[in-house]
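> Compute the structure for the input listed below.
(chains A and B)
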Amino acid sequence: MELTQLMSGLAVGCIYALVAVGYSMIYRALGLVNFAQSDIMMLGAYIGYSLLMAWPTMPFWLVLVVATVLTGAFGMVIERIAFRPALKRNVDQLYLVLLTLGIGIVLSNAALLIWGANPVVYSIPLTHQIYAVAGYPFPGVYVYIAVAMPLLLIGLQLFFSRTWVGVAARAVADDKETASMMGVNVGVASGVSFAIASGTGALAGVLYAPISFVSYDMGVIGVKAIAAAVIGTLGSVPGAVIGGLIIGVGETIGSNLISTKYMDSIAFMVMIVILLLRPTGLMNKEVRV
Amino acid sequence: MKLSESCLCSIRSLVKSTAALAAFGLVSSPLSAEELKVGFLGPMSGPVAVYGTESLAGAKFAFDEIGRSALLGPHKIKLISADDRADPGAAAQAVQRMIEVDQVIAILGGQTSATTAAAVEVTKAAKIPQLSPLAVDPALTKQNNPWFARIAPSADVFSTNAVQWMVDKHQAKSAYLIVRNDNWGVPLADAFEAKAKELGLTIKGRVTYEPTAREFKPMLSKMAETKPDFVAVLGFYTESGLMVKQMAELNIKTRIFVTTAPGVPQYLEIAGPAADGTYGVLYYYSGSIQTDNAKAFVKNWQAKYGRLPSQYEGMGYDAAYVLAESIRRANSAGKVTPQAIRDAIFTIKDYPGATGPITILPNGDVKRPLPFVQVTGTQVKLDYVTK
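Numbers count the residues shown, from 1 in each chain, chains lettered A, B, ... in the order given. Here you go, the predicted structure:
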């Protein structure tokens, strides 16, 4: 297997990882798998597209930042109007899962209405830019992925360990009642979790757009991100990253070893094998930032 | 008075002469003025909406022209369209509704093979003629169904011509097939392999992928190891675009054939500069047909939209004209009934369509030219046209 393929596996693995981080954060905060997460990624990708349509010369790093912030704000709004009222009424978990599925369908259909059925492509040189590094072709967007991933992880680590809001969000995730008694605003903490998860999803969408294209049904890759989050123990941010990379690289290696025909199944075969060996995923519950 | 077959050499001359004769009272319509409802079925939303929206635009353009002419005498066609979302279940329901509620006398559609197969079950039972502009699955015309015909070549024809073109025009000795696992890709691949065997083109490998796939690098790397003269991507334009782009990222240099993808602008956007040099075969390539009808169609379309018609717009346009011509023949024979229209469809021979001469064969298939093209820079250039 060539180095080029391995890099490609790592790049796609990073995208899975970013979506998986969103799944894990919401699970950590609310004990819930937010099935709308992959559609939020799609929304972020479309916001990036609209930004580039409006300001074609906008630098890509700025598109990443603005789309992340806007989608994060949208996530906060979704939490405020859809989830918080349901949580206040202590509704059944099944209801919440259906709520996330419903939000995902609404987002997908809204994108279809706003941006149309045909796939769209970021009209920037980066989309088709290929560098030659030591004789190997290296797509330009990989540079952004390689920079954005560690920055995001360091940023999240600092946010959750050094800021009051971050510590409060962790406290709420660990024990909502006690945190509330200690004066932590539970609503704000859950809103922050949604904002970060949505922003991370948008980051994934905007980084994935130059690799592929943007379409209202691009959320299908979210299925593999759920597998990544489960592999890395749902609720663990570092675990989600490790899970994403395992799936991305595993798909590449697996399809070389077994058959490319089964590439899509390999992600889940990897998940099943890991869960058989470690039923709670690769991370300890304690190591989840 | 009956119009002679020679008048069919040009639709416009026919329209003009009919109008002139009608003005002098020399043509009498056997039936009184009537609104004839025709159903149009295709995906107007979803990932393959381009097939439905563009084919419908072409059909509407044709029916507008026909409405302004005297081709159908006093009769007027009312087009009723339905969005099947490329979903066979939705297609069957839509056709059922159009037949029972709207009482259409014919159906134009579907645009994809799966939805057409679903619709055929309904039109066959209801004895309503169905004419598809784009469906290619060979199975559609292998069921002795007298109510179905198409102006699109079957996958067999697409593939056998593609193999012939690779061998004759490009002296290819081997090919590798990457196939969409559905009833568009698999019949194309089966027919391709059969013809390749006949002509001695070595198939170095065949691999299928699921329609939701977006990452193809492992399968492309394996393909490159076999060093084929041609890689044939038998899939939709989205996947073809991604594969061509990923081949550039893997530095794979081989001749690439991507079926009908070059006719879709999004293919060129997705593949980017890597699309340069890739080949394809289109249903229709504007400019490849040099008849008066074809030139007039391109000129009128450009005058209205400021651009050339796409392959799907051309096919929708010709399907509408073939149906209108069948209605005219049924009317001339004294009755505009579904049975008479069906009978007339099967008499279409060397019809001077804007996309080339069209002959409906006894099994419902079509004989028509196929243009092979090559992407050159950002333009699609004609490479070869089959007779």
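> all helices for chain A, in order.
Here chain A has its helices, by DSSP state H, at A:3-30, A:37-54, A:60-78, A:84-88, A:93-115, A:141-162, A:164-174, A:176-181, A:186-208, A:222-231, A:237-257, A:263-277.
> The ones you listed into a markdown table, with extra columns for distance to chain B and mean pLDDT?
Backbone N, C-alpha and C define where each C-beta goes, glycine included. Shown next, in a markdown table, are the helices of chain A (distance: least, CB to the nearest CB, whole Å; pLDDT from 0 to 100):
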| stretch | distance to chain B | mean pLDDT |
| --- | --- | --- |
| helix A:3-30 | 5 | 89 |
| helix A:37-54 | 12 | 96 |
| helix A:60-78 | 16 | 96 |
| helix A:84-88 | 30 | 84 |
| helix A:93-115 | 6 | 91 |
| helix A:141-162 | 10 | 92 |
| helix A:164-174 | 33 | 84 |
| helix A:176-181 | 38 | 84 |
| helix A:186-208 | 9 | 92 |
| helix A:222-231 | 9 | 90 |
| helix A:237-257 | 4 | 89 |
| helix A:263-277 | 6 | 84 |
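> Looking at those helices, which is nearest to B:S310?
Closest to B:S310 of these is helix A:93-115 (CB to CB; 20.4 Å).
> And the contacts of the closest one?
Contact partners of helix A:93-115, identified using CB atoms under 8 Å, 6 or more residues apart in numbering or on different chains, comprise A:30-40, A:42-43, A:46, A:49-50, A:78, A:82-83, A:86-87, A:214, A:216-217, A:219, B:45.
> go on, stretch A:164-175?
The contact list for stretch A:164-175 (CB under 8 Å, 6+ apart) reads A:28-29, A:158-161, A:178-180, A:182, A:184-186, A:188-190, A:192-193, A:235.
> now the residue positioned nearest the centre of chain B, nearest residue through space, not along the chain?
The centroid of chain B falls nearest to B:L134 when counting by CA atoms, centre = their mean (3.2 Å). The shortest distance from B:L134 to any non-neighbouring residue, by CB to CB, 6 or more residues apart in numbering or on different chains, is to B:Q111 (4.5 Å).
> And for A:Q129?
Using CB to CB, 6+ apart, the nearest residue to A:Q129 is A:G140, at 3.4 Å.
> Close to chain A: what parts of the stretch 101-250 of chain B are there?
Proximity of the stretch 101-250 of chain B to chain A (CB under 8 Å from any CB of the partner chain) is limited to residues B:207-210, B:212-215, B:217-219, B:221-222, B:238, B:241-242, B:245-246, B:248-250.
> could you flag which of those are buried?
If you count burial by 16 or more other CB atoms under 10 Å in any protein chain shown, the buried members of these come out as B:207-209, B:213-215, B:217-219, B:221-222, B:238, B:241-242, B:245-246, B:248-250.
> Now do the buried residues in stretch B:281-288.
By 16+ other CB under 10 Å, the buried positions in stretch B:281-288 come out as B:281-286, B:288.
> can you pull the alpha-carbon coordinates of that stretch into CSV?
Extracted in CSV, the C-alpha atoms of stretch B:281-288 (Å, rounded to 0.1, in the frame of the first residue of the first chain):
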residue,chain,number,x,y,z
VAL,B,281,-20.6,8.8,-24.7
LEU,B,282,-23.7,11.0,-24.7
TYR,B,283,-27.3,10.4,-25.5
TYR,B,284,-26.9,13.5,-27.6
TYR,B,285,-24.3,16.1,-28.3
SER,B,286,-25.5,19.4,-29.7
GLY,B,287,-23.8,20.2,-32.9
SER,B,288,-23.2,16.5,-33.8
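> next one: that stretch to chain centre, how far?
10 Å (CA atoms, centre = their mean, to the nearest Å).
> hmm, back to that, out of the contacts of stretch A:164-175, which end up buried?
Neighbour counting with 16+ other CB under 10 Å marks A:28-29, A:159-160, A:179, A:184, A:186, A:189-190, A:192-193, A:235 as buried within the contacts of stretch A:164-175.
> Check which helices and strands the strand or helix carrying B:A94 sits against.
Using DSSP states H and E, B:A94 sits within helix B:88-100. Under the contact criterion of 3 or more CB pairs under 8 Å, 6 or more residues apart in numbering or on different chains; DSSP states H and E, helix B:88-100 touches strand B:35-42, strand B:76-83, strand B:106-108, helix B:113-126.
> With distance to A:L96 added, can I get these in CSV?
Listed next are those as CSV, based on distance: least, CB to CB, whole Å:
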stretch, distance to A:L96
strand B:35-42, 39
strand B:76-83, 33
strand B:106-108, 45
helix B:113-126, 36
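> any idea which of these is most buried?
Most buried of the helices and strands packed on helix B:88-100 by mean neighbour count (mean count of other CB atoms under 10 Å in any protein chain shown) is strand B:106-108; its value is a mean of 28.
> Could you list the alpha-carbon positions for stretch A:248-260 in PDB?
Output of stretch A:248-260 as PDB, limited to C-alpha atoms (Å, rounded to 0.1, in the frame of the first residue of the first chain):
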ATOM      1  CA  GLY A 248     -10.200   6.000   8.000                       C
ATOM      2  CA  VAL A 249      -6.900   4.000   7.900                       C
ATOM      3  CA  GLY A 250      -8.700   0.700   8.600                       C
ATOM      4  CA  GLU A 251     -10.900   1.100   5.500                       C
ATOM      5  CA  THR A 252      -7.900   1.700   3.400                       C
ATOM      6  CA  ILE A 253      -5.800  -1.100   4.700                       C
ATOM      7  CA  GLY A 254      -8.800  -3.500   4.900                       C
ATOM      8  CA  SER A 255      -9.900  -2.900   1.400                       C
ATOM      9  CA  ASN A 256      -6.400  -3.500   0.200                       C
ATOM     10  CA  LEU A 257      -6.100  -6.800   2.200                       C
ATOM     11  CA  ILE A 258      -9.700  -8.100   1.700                       C
ATOM     12  CA  SER A 259     -11.500  -6.400  -1.300                       C
ATOM     13  CA  THR A 260     -12.300  -2.900  -2.300                       C
END
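> Buried residues, it. List them.
A:248-256, A:260.
> what do you get for stretch B:340-359?
Result for stretch B:340-359 [16+ other CB under 10 Å]: buried residues B:340-346, B:348, B:351-358.
> can you list the weak-confidence ranges in chain B?
In the predicted model, chain B carries pLDDT under 70 at residues B:1-33.
> list the contacts for the closest residue to B:A118 other than its chain neighbours?
Once flanking residues are discounted, B:A118 sits nearest to B:P88: 3.6 Å by CB to CB, 6+ apart. Residues counted as contacts of B:P88 (CB under 8 Å, 6+ apart) are B:114-115, B:117-118.
> and which of these is nearest to chain A?
Of all the contacts of B:P88, chain A sits closest to B:T115, with 15.3 Å by CB to the nearest CB.
> Quick check on B:V48: phi, psi?
Taking degrees, to the nearest 10, you get phi -110, psi 30 for the backbone angles of B:V48.
> unless I'm mixing things up, it is touching B:G235, no?
No: applying CB atoms under 8 Å as the test, B:V48 and B:G235 come out as separate, 11.6 Å apart.
> These two: who's more crowded?
Each of B:V48 and B:G235 has its neighbours counted (other CB atoms under 10 Å in any protein chain shown); B:G235 has more, 27 against 22.
> Next one: B:N363 relative to chain A, how far apart?
In this view, B:N363 and chain A are 33 Å apart by CB to the nearest CB, to the nearest Å.
> got the contact list for the residue nearest to that residue when sequence neighbours are not counted?
Here the nearest residue to B:N363 in space, its sequence neighbours aside, is B:T141; by CB to CB, 6+ apart that works out to 4.8 Å. By CB under 8 Å, 6+ apart, the contact list for B:T141 reads B:148-150, B:154, B:363-365.
> still on that earlier bit, among the buried residues of stretch B:281-288, give me the pair with the biggest separation.
Using CB to CB, the buried residues of stretch B:281-288 span at most 14.9 Å, a distance reached by B:V281 and B:S286.
> Check the gap between the nearest residue to A:G281 once chain neighbours are set aside and B:K195 for me.
Of all residues not flanking A:G281 in the chain, A:T233 sits nearest, at 3.2 Å (CB to CB, 6+ apart). The gap separating A:T233 from B:K195 is 53 Å, by CB to CB, to the nearest Å.
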